[in-house]
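# Any chance you can model this:
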Amino acid sequence: MKLKTTIVKIFSAVLFLVILSGLELFGQSVPGKEENIPFLVTFGKQGETSWGDDDFYQVFFFSIKKDFTQQFYIRIFDPDCGGQNDEIQGEFNSNTLFSVYGGRGVDPERNEDSKGWLNGLNYKGGNLLASRVFGKEARYDNKYYTFGPFNPTAGDYNSKWNSYIFKVVCEGISGDDGNLYKYFLSRDADNNIPVEGGNAFTYEYTFRMWNDFKSIAHIYPYVDTGVIFIKIRNYDWDNDGNILVVSRYKQGIPVKISNEDNWVEDRITIEPPEIGSSLDFQFHKAQGELVKNNNVVVTIESQRGDALPFFSSPIGGIPVYTPKISVNKYIKPK
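Sure thing, here's the model as predicted:
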């Protein structure tokens, strides 16, 4: 009996570690598994904004916990522009610059420009640690390129999150094709081994939808203290279905959606139970004729005008709607 109990305990412990490892693994990938997004996308600067990229660059941040003292790597999946995943316009002629920044000026909570969501500001604040231009290079098609190693203390320290912050900027510096890619925060140069406690976030999310009706994409903005309402903006959704907001308080509120090459803004009231947690923005494709290769841009700002971050691994976990006994009529802010 003791032997059976011991075996059960060992099996349970191993199962827990496997589950935990899986959660950490998916929390290190960008986009994250819970987001169900196939790729990030950045077009060359000669591209058309109607193809789903409003500014031809994208900024992502990686956070490393202070107590993590090992070196780490930032890996890019399919960084070249040409081949299996990328969006061709005529023929592949685009170059994409990936740059990694650390040091003072990176932390977006102390340097608003660093967030990269407002055009015309200097989103390259910080010290340039590494960079590389990728064109049409078959050796990187559907494969990883690794930046690093980096020491955590080379980042910009954020006391609120007790973490060092690094920034990766992807720019379409020439051409008009769409570069589709992903990131992974890793402890190893050649394999995807997660950094304990690491996460990634952005303030302007530009991504590709799946080419099928059933897949629902999710992005998870974090709502901090002092937020009364949020302004949700989406660009070039191509009228491709519905965008719903789900939280512990909201079962699924639809927001206004954009068509081709235009921004649309809507407002949602934030209730006290939603403070200090993530929202779940769900992107449901329209049924009928399939809209293929749909790229969309999303930003959120509070009533103060500051942008809210989207975390690849949602802070506080995926929000689950909790029904209330008493229901108040929802009124949108003016």
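
# so how far is the biggest strand by length in the chain from its chain's centroid?
Longest strand of the chain, by residue count under DSSP state E: strand 163-174. Relative to its parent chain, strand 163-174 has a centroid offset of 12 Å by CA atoms, centre = their mean, to the nearest Å.

# Dump the helix or strand following it to PDB, restricted to CA.
Counting by DSSP states H and E, the next helix or strand C-terminal to strand 163-174 is strand 178-186. Extracted C-alpha coordinates of strand 178-186, given in PDB (Å, rounded to 0.1, in the frame of the first residue of the first chain):
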ATOM      1  CA  GLY A 178       4.800  41.200 -45.600                       C
ATOM      2  CA  ASN A 179       7.200  39.500 -43.300                       C
ATOM      3  CA  LEU A 180       5.500  37.000 -41.000                       C
ATOM      4  CA  TYR A 181       7.500  35.900 -38.000                       C
ATOM      5  CA  LYS A 182       7.500  34.900 -34.300                       C
ATOM      6  CA  TYR A 183       9.700  35.300 -31.200                       C
ATOM      7  CA  PHE A 184      10.800  33.000 -28.400                       C
ATOM      8  CA  LEU A 185      12.600  34.100 -25.100                       C
ATOM      9  CA  SER A 186      15.000  31.300 -24.400                       C
END
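
# shaky segments in the chain?
For the chain, the stretches flagged by pLDDT under 70 are 1-27, 324-331.

# Outline the domain layout of it.
The chain breaks down by automatic domain parsing into domains covering 29-206, 209-334.

# any idea how far D78 is from E137?
10 Å (CB to CB, to the nearest Å). No exception for glycine: its C-beta is placed from N, CA and C like everyone else's.

# what do you get for G82?
G82 is 7 Å from E137, by CB to CB.

# between these two, who's got more neighbours?
For G82 and E137, the more surrounded residue by other CB atoms under 10 Å is G82, and the numbers stand at 22 against 15.

# Chain neighbours aside, what residue packs nearest to that one?
With CB to CB, 6 or more residues apart in numbering as the criterion, G82 has its nearest non-adjacent residue at 3.1 Å, and that residue is K136.

# So what's the residue count around the one you found?
Count around K136 with other CB under 10 Å applied: 19.

# May I have the phi/psi pair for N239?
Phi and psi for N239, reported as degrees, to the nearest 10, are phi 50, psi 40.

# thinking it is in contact with I257, fair?
Yes. Assessed by CB atoms under 8 Å, N239 is found in contact with I257 at 6.3 Å.

# Common neighbours of the two, please.
Between them, N239 and I257 share no contacting residue under CB atoms under 8 Å, 6 or more residues apart in numbering.

# And for T49, the neighbour number?
Neighbour tally, T49, other CB under 10 Å: 16.

# And for I268?
20.

# gap between it and Y157?
I268 is 33 Å from Y157, by CB to CB.

# Let's verify R304: helix, strand, or coil?
Here R304 is recorded as coil under DSSP: H, G, I helix; E, B strand; the rest coil.

# so the closest residue to it other than its chain neighbours, which of the three states?
Counting by CB to CB, 6+ apart, the nearest residue to R304 once its immediate chain neighbours are dropped is G226, at 7.4 Å. Counting by three-state DSSP, the backbone at G226 sits in coil.

# what does F213 give?
From three-state DSSP, the assignment for F213 is coil.

# ok, L308 touching F281?
No. The criterion here is CB under 8 Å, and L308 misses it with F281 at 10.9 Å.

# Overlap in contacts, the two.
Joint contacts of L308 and F281 (CB under 8 Å, 6+ apart) are P221.

# contacting residues around the residue nearest to G82?
Here K136 is in contact with D80, C81, G82, G83, F92, N93, S94 (CB under 8 Å, 6+ apart).

# Now do the phi/psi pair for the second one.
Right, C81. Backbone torsions of C81, given as degrees, to the nearest 10, read phi -120, psi 90.

# hmm, back to that, deepest of the domains of the chain, which one?
Across these, averaging neighbours per residue (mean count of other CB atoms under 10 Å) puts domain 29-206 on top, at a mean of 20.

# Start and end of that one, how far apart?
16 Å (CA to CA, to the nearest Å).

# same deal with stretch 258-268?
16 Å.

# how about the helices in the chain?
Assigned by DSSP state H, the helices in the chain fall at 2-28.

# and the residue nearest to E109 when sequence neighbours are not counted, how far is that from V106?
Nearest residue to E109, sequence neighbours excluded (CB to CB, 6+ apart): N158, at 6.2 Å. The gap separating N158 from V106 is 9 Å, by CB to CB.

# so what sits against both of those two?
Joint contacts of N158 and V106 (CB under 8 Å, 6+ apart) are I165.

# all strands of the stretch 201-334 of the chain, in order?
204-208, 217-219, 222-223, 229-235, 242-246, 253-254, 263-269, 277-278, 280-284, 295-302, 310-311 (DSSP state E, counting those that start in this stretch).

# The first one to strand 280-284, inter-axis angle?
Orientation of strand 204-208 against strand 280-284 (axes from the mean of the first three to the mean of the last three CA atoms, to 10 degrees) gives an angle of 30 degrees.

# Understood, closing this out.
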